[in-house]
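**Q** Compute the structure for the input listed below.
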Amino acid sequence: MKEGGNVKRFWVSCIAVGTLGCPAWGQKVEVEKLDRGKIIHVQTALNHLTVLEMSEPVSTVAVGSPVFKVEWRENKVFIEPSEPDVATNLFVWTPSGRFNYELDPAGVVPEMVFAIDQPIPDPPKVVVATNRSSEPADRSPAEVLTKFKLVRLHGSIPEKNRVAIYLTDTLEQDGQLFLRYTIRNETKEAYVPGNPQAVALNRPRYRVSLYVLANSQLSPDETARLTSSGEAPLEIGKSEMPSSPIEPGQETTGIVAIKLPATHAGPTVLRLTFLAGPTGPISATLVL
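**A** Residues are numbered from 1 along each chain as shown. The predicted structure is shown next:
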């Protein structure tokens, strides 16, 4: 009887080892191609996290339903559904632009996507120039915007039936602010932005300290809570953006060089305005 008991325990152990050694069939870790024109479906499961690991830092995200809890940190986005039978969309912005996802209703664990990774692009080849006597004194915004700082979005920007401006990153150099931005057209007509104008607010005041909002864009609602004693126009050094119209549902990226005030110190609030809006001027507010 003792030997039989040992044999029985042996087979139970084999079955347990075999079960633990089997892979979780259906659960996936995917690699996503860098295609901003594609909508990627993400299958989730209740009480489980799905991770999107981007190849660049995440600047902001937007999700269509509060049923999905979405958080981001550095280059990772964490998604967790709280209810079944609900689908929605998710947008993720990085310095390269916007990536689009469709969050499918929470299903069974064996069919969920555990993680989606973006491949890390190969570093650009460095070409060493010969016989270069000196640096060019007047470089374009695109040439200098290599050491940029990401701009955070404070609040949310409504897009439905509107033209929206997103400030994405900045670089201060030689008394100028190089500012990169994205214009998204969600109206039914093509939009031609024209050249932007810039002003600095005099003695800006806000409900919280502007120091904690350094390098942040204020949403229209938060901008409405901002007060000042006036504004001073700023000189635009250079402006670069495609000259073609922005068609409905499309977006484009531009760069502008703004000459900062000579007394630039502490929190400075700038406003970038495009006068040719479908219903009037369109502006974006930046805290430096």
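
**Q** Beta-bridge partners for residue 92, please?
**A** residue 61, residue 99 (DSSP bridges).

**Q** And for it, the neighbour number?
**A** Neighbour count for residue 92, taken as other Cβ atoms under 10 Å: 21. To be clear about C-beta, it is placed using only N, CA and C from the backbone, and glycine gets the same treatment.

**Q** Give me the residue at the spatial middle of the chain.
**A** Centroid-nearest residue in the chain: residue 93, 2.3 Å away (criterion: Cα atoms, centre = their mean).

**Q** which residues touch it?
**A** Neighbouring residues of residue 93 by Cβ atoms under 8 Å, 6 or more residues apart in numbering: 58-61, 99, 166, 168.

**Q** any idea how far it lies from residue 244?
**A** 22 Å (Cβ to Cβ, to the nearest Å).

**Q** returning to that earlier point: most neighbours out of the contacts of residue 93, which is it?
**A** Busiest of the contacts of residue 93 [other Cβ under 10 Å] is residue 99, holding 25 neighbours.

**Q** This structure: helices as residue ranges?
**A** Secondary structure of the chain by DSSP state H: the helices cover 2-21, 141-144, 220-224.

**Q** Any idea which of those helices has the lowest pLDDT on average?
**A** Mean pLDDT values for the helices of the chain show the minimum at helix 2-21, a mean of 45.

**Q** quick one: residue 198 and residue 256 touch, right?
**A** Yes - assessed by Cβ atoms under 8 Å, residue 198 is found in contact with residue 256 at 7.4 Å.

**Q** gap between the closest residue to residue 220 other than its chain neighbours and residue 272?
**A** In space, and not counting its chain neighbours, residue 220 is closest to residue 157: 6.7 Å by Cβ to Cβ, 6 or more residues apart in numbering. According to Cβ to Cβ, residue 157 stands 14 Å off from residue 272.

**Q** Identify the contacts common to those two.
**A** Contact criterion Cβ under 8 Å, 6+ apart; residues shared by residue 157 and residue 272: residue 165.

**Q** that older thread, check the contact lists of residue 198 and residue 256 and give me the overlap.
**A** Common neighbours of residue 198 and residue 256 (Cβ under 8 Å, 6+ apart) are 236, 272.

**Q** Before I go, just wanted to say thanks for your time.
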